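Peer 1: Here's a sequence, model it:
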Amino acid sequence: GGFRRMWLVYVVAFGVATGTCVGVLKILWGISMWKIVLPMYALAVVLTSFSAEGITCVAWDAGGVTTGSVTVPLILALGLGLGKELDGGKADGFGLLGCASVFPIVTVLAAGLVLDRSRRRAADRKVPAMHEVPLG
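Peer 2: Purely as a prediction, here's the structure:
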């Protein structure tokens, strides 16, 4: 099993959107990039250890969506614009792309674990067929 295609698109998009929002808050509130990116990569490594190999490969590839020809200019322009306008141009827009890169990894890994758990629960609740029921 795995993700349905559109479900994966939504999970990755949610990750990019969440990462971008957190990156904007990082700029607005002056939070150090390391206080966000380092714990998120640590979380991604922990989630990787519990995830199936197929989901792990897809998840770490999902971080690459932020290197696309549309995403990079959009997110970098957002970071540069915010950094320039805030605090007389002293605010740091650095790290916005890093936030947008790590969050899709975490969201795909987490969604994979939830999907795997729900499938195991459904399999446990499966009603046995007549030939599987012990007689006597």
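
Peer 1: Assign Phe94 to helix, strand or coil.
Peer 2: coil (DSSP: H, G, I helix; E, B strand; the rest coil).

Peer 1: what secondary structure does the residue nearest the centre of the chain sit in?
Peer 2: In the chain, the C-alpha nearest the mean C-alpha coordinate belongs to Pro104, at 2.3 Å (CA atoms, centre = their mean). Following three-state DSSP, the label given to Pro104 is helix.

Peer 1: Enumerate every residue touching it.
Peer 2: Contacts for Pro104 were tallied using CB atoms under 8 Å, 6 or more residues apart in numbering; they are 11-12, 15-16, 19, 59, 62-63, 65-66. Yep, even glycine has a C-beta here, placed from its N, CA and C like the rest.

Peer 1: Could you find the closest non-adjacent residue to it?
Peer 2: Excluding its sequence neighbours, the residue lying closest to Pro104 (CB to CB, 6 or more residues apart in numbering) is Gly15, at 3.2 Å.

Peer 1: separation between the one you found and Ser32?
Peer 2: According to CB to CB, to the nearest Å, Gly15 and Ser32 sit 21 Å apart.

Peer 1: More neighbours: these two, which one.
Peer 2: A side-by-side neighbour count of Gly15 and Ser32, using other CB atoms under 10 Å, places Gly15 first with 27 against 11.

Peer 1: tell me what the lowest-mean-pLDDT helix or strand in the chain is packed against?
Peer 2: Least confident helix or strand of the chain, by mean pLDDT, DSSP states H and E, is helix 71-85 with a mean of 85. Applying 3 or more CB pairs under 8 Å, 6 or more residues apart in numbering; DSSP states H and E, one finds that helix 71-85 contacts helix 5-29, helix 96-124.

Peer 1: Perfect, that will be all.
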